[in-house]
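[1] Fold the following, please.
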Amino acid sequence: MSNPRPDIRGHAGIYLRGLMMGACDIIPGVSGGTIALITGIYERLVGAIGSIDPASLKHLARGDFASFRRDLESLDIPFLVVLLAGIGTSFLLMSGIILSLLANHAVGTYSFFLGLILASAVLIFLEIRSPGVATLAYLAIGAGAGYLLGGLGNFDVGHSLPVLFLTGMVALCAMILPGISGAYMTLVLNQYEFMLAALRALSLPEIVAYIAGGVTGLLLFTRGLKYLLKTHPEAMLALLTGLMLGSARMLWEKGSLAGNMVAGGSVFFIAGLVVVGAVEYLKRRYAGSGA
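    Residues are numbered from 1 along each chain as shown. Just a heads-up that it's a prediction; the model follows:
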């Protein structure tokens, strides 16, 4: 009879990694994918997500249960379920904490987020091997688009289920892009605090709409985004850098409404820079060692 303890220990390790990924994914500016890389499960995660085939839904709709069962057997379901459980637990725990920080320490919190975003943008730009005039042009286009996008926080588009669905599409697609945080895109689209409150209250309609939008976006746009990153990497990286720099306007404006960002947020801004630098150092160290 086999000993189940190694499986239990393995699942516990995956769950803890999910907790760490969730804690980062819910904070704008830090990617849970980076944590997956640092903790040694990135390749397994990419493989598990890549094995998800939209054709499985066709098999299910047609009543072809034999093919659907074979599709399920090809997935790393225990890994995904345990990892998602850890991420979900972290979301529930962290949502209340971040809401409290935004309510009671808005200047410091937005300054910290601003440090995270600007440091992440610099790291993305440093991935460009040979920046030139065309690169700077794409950077400017991205910055202009980001500046306009950052202004959406000044418009009340509401929090209807269709709006949350579209936000989920954008946010989860952003998570497959290098250095882009899905939580940050949720913040830029003015849905961040609302979704934190929905998570804290376990409001299922809003949560389901957001997740359904994310899954739809991944199925529709993942291949296209990966193709662009592969065929036009410098242009895409420059656009992403500009997008993050331009949209950072929104963090400054939100923080400034609560107080003096320079006087009250400098330490937290530097802390944000340090956190991203530390995560990048660990990523390079562990990726370089093959961990």
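[2] ok now do Gly96, which residues does it touch?
    Residues in contact with Gly96 (Cβ atoms under 8 Å, 6 or more residues apart in numbering) are Arg200. Where C-beta positions appear, they are placed from N, C-alpha and C, glycine not excepted.
[3] okay, now the residue lying closest to Arg249 once chain neighbours are set aside: neighbour count?
    In space, Arg249 comes closest to Gly150 once its chain neighbours are excluded; the distance is 4.0 Å by Cβ to Cβ, 6 or more residues apart in numbering. The tally of other residues near Gly150 (other Cβ atoms under 10 Å) stands at 23.
[4] what about Leu149, how many neighbours?
    19.
[5] cool, Leu177 as well?
    Look at Leu177: counted by other Cβ under 10 Å, it has 22 neighbours.
[6] check contacts around the residue nearest to Arg249.
    Val188, Gly246, Ser247, Ala248, Arg249, Met250, Glu253.
[7] from what I can see the fourth one touches Ser120, true?
    No - counting by Cβ atoms under 8 Å, Ala248 does not reach Ser120; the two are 10.1 Å apart.
[8] helix or strand for the residue nearest to Arg249, which one?
    Here Gly150 is covered by helix 133-150, with elements defined by DSSP states H and E.
[9] what are the C-alpha coordinates of the next helix or strand after that helix, in PDB please?
    Where DSSP H and E defines the elements, the next helix or strand beyond helix 133-150 is helix 161-174. Output of helix 161-174 as PDB, limited to C-alpha atoms (Å, rounded to 0.1, in the frame of the first residue of the first chain):
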ATOM      1  CA  LEU A 161     -21.800  42.900 -14.100                       C
ATOM      2  CA  PRO A 162     -20.900  43.700 -17.800                       C
ATOM      3  CA  VAL A 163     -18.400  46.200 -16.600                       C
ATOM      4  CA  LEU A 164     -16.900  43.700 -14.200                       C
ATOM      5  CA  PHE A 165     -16.800  41.100 -17.000                       C
ATOM      6  CA  LEU A 166     -14.800  43.400 -19.300                       C
ATOM      7  CA  THR A 167     -12.500  44.300 -16.400                       C
ATOM      8  CA  GLY A 168     -11.800  40.700 -15.800                       C
ATOM      9  CA  MET A 169     -11.000  40.200 -19.500                       C
ATOM     10  CA  VAL A 170      -8.400  43.000 -19.400                       C
ATOM     11  CA  ALA A 171      -7.000  42.100 -16.000                       C
ATOM     12  CA  LEU A 172      -6.400  38.400 -16.500                       C
ATOM     13  CA  CYS A 173      -5.000  38.900 -20.000                       C
ATOM     14  CA  ALA A 174      -2.600  41.400 -18.400                       C
END
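[10] Can you spell out which helices and strands pack onto helix 161-174?
    helix 182-188, helix 204-231 (3 or more Cβ pairs under 8 Å, 6 or more residues apart in numbering; DSSP states H and E).
[11] ok, back up a step: now do the residue nearest to Arg249 against Ala238, distance only.
    Distance from Gly150 to Ala238, counting by Cβ to Cβ, to the nearest Å: 18 Å.
[12] Could you give the number of residues near the residue nearest to Phe194 when sequence neighbours are not counted?
    Sequence neighbours aside, His159 is the residue nearest to Phe194 in space, at 4.7 Å (criterion: Cβ to Cβ, 6+ apart). The tally of other residues near His159 (other Cβ under 10 Å) stands at 17.
[13] Which pLDDT value belongs to the residue nearest to Ala171 when sequence neighbours are not counted?
    Among residues not flanking Ala171 along the chain, Gly182 sits closest, at 3.9 Å (Cβ to Cβ, 6+ apart). pLDDT recorded at Gly182 is 84.
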